[in-house]
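[1] Model the following, please.
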Amino acid sequence: MEPRTTASTVTALTHVRVLDGERLREPATVVIDGPLIGTDPAGARVVGCQGATLLPGLIDAHVHVRDAETLDRLADHGVTTALDMGGWPPALLDSLRDLPGTTALLRGAGPGRRARQPPVTHAALPREQPARRARGRAGLRRRAGGAGR
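    The predicted structure is shown next:
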């Protein structure tokens, strides 16, 4: 760990349980020193967490990435990992992987990986009339073998 700048920039979270991606660890001390995480609380501002859980970041499991700015906006809101649901073209998504200082991008769907489903129109749903939505749901139920209402 590099030398600390000032005590006011170092925070020690005591008695915090860390979710490490595999399990919830026993309460411990986590020190945040700017962009670095460590365990030496010397000179740090102490925050008692009494068994609270610390997540290393949020995961958004359904995003549509269009550019690096999308990843930056996610990172600004605490999302450290995003699962893309079919951004296009694949070369664009490949170019956005492993960019330093932003959200990690994983590919969740795309050509050859999409589940069979009716066309999705996320953005159109709030603007549709209720009767039109009801007709659409009835059609989906009939195709899925359910009773249409």
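[2] the bottom helix or strand of the protein by mean pLDDT?
    Every helix and strand of the chain was ranked by mean pLDDT, DSSP states H and E. The lowest is helix 130-143, at a mean of 50.
[3] Look at stretch 22-36 and report the distance between its end residues.
    End-to-end span of stretch 22-36 (C-alpha to C-alpha, to the nearest Å): 21 Å.
[4] Give me the mean pLDDT for it.
    Regarding stretch 22-36, the rounded mean pLDDT is 89.
[5] Report the buried residues of that stretch.
    Judged by neighbour count using 16 or more other C-beta atoms under 10 Å, the buried positions of stretch 22-36 are T29, V30, V31, I32, D33. No exception for glycine: its C-beta is placed from N, CA and C like everyone else's.
[6] Please produce CSV containing those, extended by distance to V18.
    Shown next, in CSV, are the buried residues of stretch 22-36 (distance: C-beta to C-beta, whole Å):
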residue, distance to V18
T29, 10
V30, 6
V31, 12
I32, 12
D33, 16
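[7] Same list, the residues you listed, but as CSV with secondary structure please.
    Formatted as CSV, the buried residues of stretch 22-36 follow (DSSP: H, G, I helix; E, B strand; the rest coil):
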residue, secondary structure
T29, strand
V30, strand
V31, strand
I32, strand
D33, strand
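[8] Run through who's touching the longest strand along the chain.
    The longest strand of the chain (DSSP state E) is strand 10-18. Defining contact as C-beta atoms under 8 Å, 6 or more residues apart in numbering, one finds that strand 10-18 is touched by 4, 24-33, 41, 43-54, 56.
[9] With stretch 96-103 instead?
    Contact with stretch 96-103 is made by 65, 67-68, 71-72, 74-75, 79-82, 104-105, as judged by C-beta under 8 Å, 6+ apart.
[10] Who wins on neighbours among the residues you listed?
    Ranked by the number of neighbours (other C-beta atoms under 10 Å), the contacts of stretch 96-103 place A82 first, at 26 neighbours.
[11] what about the strands in this protein?
    10-18, 28-33, 36-38, 45-48, 53-54, 58-63, 79-84, 104-107.
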